[in-house]
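Just a sequence and a predicted model for now, questions to come.
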Amino acid sequence: MAKGANFPVIAAINETLLLDVLRRAPAGLSRVEMARETELSAQAVSNVSRRLIDRGLLREVGNRAVRGPGKPATILQLDAAGAYAIGVHLDPSVLTCVLLDLRAQVVARTRRRPPQSGDAGDTVELVTEAITELLAASGVHRDRIVGIGVAGPGPIDAEAGVLVRPRLAPGWTGFHLPDRLHEAFGLPTTLTKDVTAAVLAEEWTNPISERQNTAFIYWGTGVGVGLVLDGAVHAGSSQNAGDVGHSVVDPTGPQCVCGRRGCFGEVMRPYRLVIDALQRGAIPMPPELAGRAVDDDVPIRLETVDSLFHILGQSAALGNEAALAVLDRAGQSLALYVANLIALLDIDQVVFGGPSWPAVQEHMMKSIAPLLAAAAEASGTQPVALVSSSIGDDVAAVGAASLVMERNFSPRYTLR
């Protein structure tokens, strides 16, 4: 943990130190405990905590008995209502907006289907409406909101604040969504990649985790990986780390746009699993495909893919053999990729999440766990923790809001 210093010129740093140490202690700490954790003097902690209370960021919540003589210690906690951040997740199949409080709790959320036009202008209009609705429903005063974070599919140009030719959302290429949202709401706005946002959400909302090396397998309209390495979110030199789509995991799999067969990103796309399920008769044929042959590249609307993917998960849960075969094949590819990732980076935890994960998580976890355990035994390494994200399918939006919170209230910027 970063340590403080007793000089007025770094008062702001010391403020973030206290906020950070309290974020990692949800039950609260006394001023003596905060001084011990941060190595600030008792007087510095007293002065800084007073300023933070005056700003509405901390609150006194009661007393705790101390050992020996002396009056009970006053306990301080983060004041959840002290600050809020808006998180926006742009996925080709769903637009999600959340409002996150200072204690990393989602206090309001809204979801919209992206405009069928795929036009960036129509998209920003829809996002603006969603944020306006979110704020009205929450009743939060505008001056308590510190910024807006936007998570979108990569690649991104983080400095310019634009998406760069996202394969599944070509209409968003080069559009300055952060600038448009800043103009609409007058709030600082930042853009990050969806997989980076997802793993940051896990770190920010679970600050007491001792895991230092985590991979977040993000499953939305596409698939990607977010990484925490040595306790810091790894975004890469251009903030585009996690584009894992072209690692071959199934040489007999579907052809990718890169020309090869069985690329991880193509094999794991919900669209591909839906095609496989339709060809096997595991799920009902949608009306839009009535009378058509279901070949490997038949066009299906994104909302139809999303609906059929959920039906696939339900069919597998009911024991449908064809549905189970589809997910088992995908599970083998997922386990192969994850095993290689664990070996390469010495990962100690793998988290699975994203908008598409909840529909199939029960069977997929059962499918991949023994495969990864066997891989660990064969290589002589310890099995890693495998968990589903506790945040749910809002994870990228929560991560986008978490990035705003981190930039305002953390002594260390964990993206690198």
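It's in.

partner residues bridging residue 97?
Beta-bridge pairing of residue 97 under DSSP bridges involves residue 88, residue 110.

tell me the contacts of it?
86-89, 109-111, 127, 130-131, 134, 397 (CB atoms under 8 Å, 6 or more residues apart in numbering). Any C-beta I mention is one placed from the backbone N, CA and C, and that applies to glycine too.

rerun that using 7 Å as the cut-off
By CB atoms under 7 Å, 6 or more residues apart in numbering, the residues touching residue 97 are 86, 88, 109-110, 130-131, 134, 397.

By neighbour count, which of those residues wins?
With neighbours taken as other CB atoms under 10 Å, the top of the contacts of residue 97 is residue 397, carrying 35 neighbours.

Over the helix or strand harbouring that residue, what's the mean pLDDT, rounded is fine.
Per DSSP states H and E: residue 397 is located in helix 395-409. Across helix 395-409, pLDDT averages out at 95.

So which bits of stretch 62-81 are buried?
For stretch 62-81, burial by neighbour count (16 or more other CB atoms under 10 Å) applies to 73, 75-79, 81.

Can you tell me what sits against it?
19, 22-23, 28-30, 32, 49, 56-61, 101-103, 105.

Span of stretch 128-146 from start to end?
Distance between the two ends of stretch 128-146: 17 Å, counting by CA to CA, to the nearest Å.

which parts of it are buried?
Of the residues in stretch 128-146, those buried (16+ other CB under 10 Å) are 130-131, 134-135, 138, 140, 145-146.

Can I get the buried residues of stretch 62-81 in JSON lines including pLDDT?
Output for the buried residues of stretch 62-81, formatted as JSON lines (pLDDT from 0 to 100):
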{"residue": "73", "pLDDT": "87"}
{"residue": "75", "pLDDT": "95"}
{"residue": "76", "pLDDT": "95"}
{"residue": "77", "pLDDT": "96"}
{"residue": "78", "pLDDT": "96"}
{"residue": "79", "pLDDT": "96"}
{"residue": "81", "pLDDT": "96"}
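
Secondary structure and distance to residue 313 for these - can I get that in a markdown table?
Formatted as a markdown table, the buried residues of stretch 62-81 follow (DSSP: H, G, I helix; E, B strand; the rest coil; distance: CB to CB, whole Å):
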| residue | secondary structure | distance to residue 313 |
| --- | --- | --- |
| 73 | strand | 50 |
| 75 | strand | 44 |
| 76 | strand | 45 |
| 77 | strand | 39 |
| 78 | strand | 37 |
| 79 | coil | 40 |
| 81 | helix | 38 |
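
Now flag whichever of those is closest to residue 14.
Using CB to CB, the shortest approach to residue 14 within the buried residues of stretch 62-81 belongs to residue 76, at 14.6 Å.

Now do the closest one against residue 206, distance only.
21 Å (CB to CB, to the nearest Å).

picking that back up, show me what the helix holding residue 397 is packed against.
Packing contacts for helix 395-409, counted by 3 or more CB pairs under 7 Å, 6 or more residues apart in numbering; DSSP states H and E, involve strand 84-91, strand 94-101, strand 145-152, strand 189-193, helix 194-205.

Report the inter-axis angle for the last one versus helix 395-409.
It refers to helix 194-205. Relative orientation of helix 194-205 versus helix 395-409 (axes from the mean of the first three to the mean of the last three CA atoms, to 10 degrees): 60 degrees.

Now do helix 194-205, average pLDDT.
For helix 194-205, the per-residue pLDDT averages 93.

In this protein, what helix or strand scores lowest on average pLDDT?
For the chain, counting by mean pLDDT, DSSP states H and E, strand 162-163 ranks last in confidence among helices and strands (a mean of 85).

so which strand or helix has residue 328?
Assigned by DSSP H and E, residue 328 falls in helix 321-345.

what comes up buried for that helix?
Those would be 322-324, 326-327, 329-339, 341-342, for helix 321-345 by 16+ other CB under 10 Å.

hey, where'd the helices end up in the protein?
Under the criterion DSSP state H, helices of the chain are mapped to 11-23, 31-38, 42-54, 120-138, 177-185, 194-205, 264-267, 270-280, 302-317, 321-345, 361-379, 395-409.

Identify all contacting residues around the fifth one.
Residues outside helix 177-185 that contact it (CB under 7 Å, 6+ apart) are 124, 127-128, 131, 148, 150, 161, 188-191.

between that helix and strand 84-91, how big is the angle?
Using the same axes, to 10 degrees: helix 177-185 against strand 84-91 is 140 degrees.

If you count neighbours, what's buried in helix 177-185?
177-178, 180-182, 184-185.

With the second one instead?
Neighbour-count burial for helix 31-38, with 16+ other CB under 10 Å as criterion, is recorded at 31, 33-35, 37-38.

Pipe those residues into a markdown table and attach pLDDT per row.
As requested, the buried residues of helix 31-38 are exported to a markdown table (pLDDT from 0 to 100):
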| residue | pLDDT |
| --- | --- |
| 31 | 93 |
| 33 | 93 |
| 34 | 93 |
| 35 | 94 |
| 37 | 92 |
| 38 | 91 |
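
In a markdown table, list these along with distance to residue 350.
Formatted as a markdown table, the buried residues of helix 31-38 follow (distance: CB to CB, whole Å):
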| residue | distance to residue 350 |
| --- | --- |
| 31 | 39 |
| 33 | 34 |
| 34 | 34 |
| 35 | 37 |
| 37 | 30 |
| 38 | 32 |
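
ok, so of those residues, who is nearest residue 263?
residue 37 (46.4 Å).

For the spatially closest residue to that closest one that is not a sequence neighbour, give me the pLDDT.
In this structure, residue 37 finds its nearest non-sequential neighbour in residue 21, 4.7 Å apart by CB to CB, 6 or more residues apart in numbering. pLDDT recorded at residue 21 is 92.

Could you point out which residue ranges in this structure have low pLDDT?
In the predicted model of the chain, residues 1-10, 65-70, 168, 208-210, 412-416 satisfy pLDDT under 70.

Spit out the contact partners of residue 188.
147, 182.

Next, it: phi, psi?
Dihedral angles of residue 188 (phi, psi; degrees, to the nearest 10) stand at phi -60, psi 130.

from here on, count from 131
OK, 131 is where the count begins now, so the last one is residue 318.

Output the buried residues of stretch 258-276 in JSON lines, with distance to residue 437 appended to each entry.
Listed next are the buried residues of stretch 258-276 as JSON lines, based on distance: CB to CB, whole Å:
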{"residue": "260", "distance to residue 437": "21"}
{"residue": "261", "distance to residue 437": "26"}
{"residue": "264", "distance to residue 437": "25"}
{"residue": "265", "distance to residue 437": "30"}
{"residue": "268", "distance to residue 437": "29"}
{"residue": "270", "distance to residue 437": "33"}
{"residue": "275", "distance to residue 437": "34"}
{"residue": "276", "distance to residue 437": "37"}
